[in-house]
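Participant: dropping the sequence and predicted coords here.
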Amino acid sequence: DAGITQSPRHKVTETGTPVTLRCHQTENHRYMYWYRQDPGHGLRLIHYSYGVKDTDKGEVSDGYSVSRSKTEDFLLTLESATSSQTSVYFCAISATGGPSQETQYFGPGTRLLVL
Amino acid sequence: AQTVTQSQPEMSVQEAETVTLSCTYDTSESDYYLFWYKQPPSRQMILVIRQEAYKQQNATENRFSVNFQKAAKSFSLKISDSQLGDAAMYFCAYRDTGANSKLTFGKGITLSVRP
């Protein structure tokens, strides 16, 4: 199994509060991704990173920001949480070069409830 | 933009029987990657199988195999000798070959296994 951890695993917060989710990898992989999973939508990409301090938006990036100051950590921040951001959030990683670059491996997920 | 369609929201199979999960996709690319991921009740996303579009041979992983029809843009997953542990949600996903390409997921299909 790929060495990916997410913290916290569960969080309940109130509307309007900032929330930061952390993804940590021990694989030294270049690429990291944040997805959200909602019923009827599958997984949708929020943001991704292709290196330290190199990030880009996914299809559902509004209301989210990310940062990557070290290879192993990718942070997802909800600046002011809204109820529509209640979801399960997954981090994923992929390697650089070769067939394994094409495959993403996922963390265990974080369940976020915004009241 | 690429799209991935899983038209069957739910399927059921008898233990020890064979089941096929359908997936179609839309792309203008000639080279790409296709994946099936399994998500059991634990919510962990687990890679089941991957297929490179340039390979004509269908991928196989133990009891899991695919039927890749490139011209029809179809990528179905066959599970042989179904086991109770196969009960999960299954996601089909597509990825271009570009370095910063992203995964596009279908909405998933819930598979139940009857004892």
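Facilitator: Received the coordinates, thanks.
Participant: quick one, strands of chain B?
Facilitator: B:3-5, B:10-14, B:19-21, B:24-26, B:32-39, B:46-52, B:60-61, B:64-69, B:74-79, B:88-96, B:103-105, B:109-114 (DSSP state E).
Participant: out of the ones you listed, flag the one nearest residue A:110.
Facilitator: strand B:32-39 (14.8 Å; Cβ to Cβ). Using the backbone N, CA and C atoms, a C-beta is placed for each residue, glycine as well.
Participant: and the strands of chain B: which comes nearest residue A:55?
Facilitator: The closest of the strands of chain B to residue A:55 is strand B:103-105. By Cβ to Cβ, the value is 16.6 Å.
Participant: name the helix or strand for the most centrally placed residue in chain A, please.
Facilitator: Compute the mean C-alpha point of chain A, and by Cα atoms, centre = their mean the closest residue is residue A:34, 2.6 Å away. Secondary structure assigned from DSSP states H and E places residue A:34 in strand A:31-38.
Participant: ok, the lengthiest strand in chain A near chain B or not?
Facilitator: For chain A, the strand that runs over the most residues, judged by DSSP E, is strand A:42-51. Yes - if you take Cβ under 8 Å from any Cβ of the partner chain as the test, strand A:42-51 does meet chain B, through A:42, A:43, A:44, A:45, A:48, A:50.
Participant: most surrounded residue in those?
Facilitator: residue A:43 (27 neighbours; other Cβ atoms under 10 Å in any protein chain shown).
Participant: give me the beta-bridge partners of it?
Facilitator: Per DSSP bridges, the residues bridged to residue A:43 are residue A:37.
Participant: now do the one 4 residues further on
Facilitator: Bridge pairing for residue A:47 (DSSP bridges) gives the partners residue A:34, residue A:57.
Participant: same deal with residue B:113?
Facilitator: residue B:13.
Participant: what of residue A:113?
Facilitator: Beta-bridge partners, per DSSP bridges, of residue A:113: residue A:12.
Participant: that one contacts residue A:88, correct?
Facilitator: No - counting by Cβ atoms under 8 Å, residue A:88 is not a contact partner of residue A:113; they are 10.1 Å apart.
Participant: can you point out the buried residues in stretch A:76-89?
Facilitator: Using 16 or more other Cβ atoms under 10 Å in any protein chain shown as the test for burial, stretch A:76-89 gives A:76, A:78, A:81, A:85, A:86, A:87, A:88, A:89.
Participant: so where's chain B uncertain?
Facilitator: Applying pLDDT under 70 to chain B picks out residues B:1.
Participant: please read the previous query as pertaining to chain A.
Facilitator: A:1-2, A:96-101.
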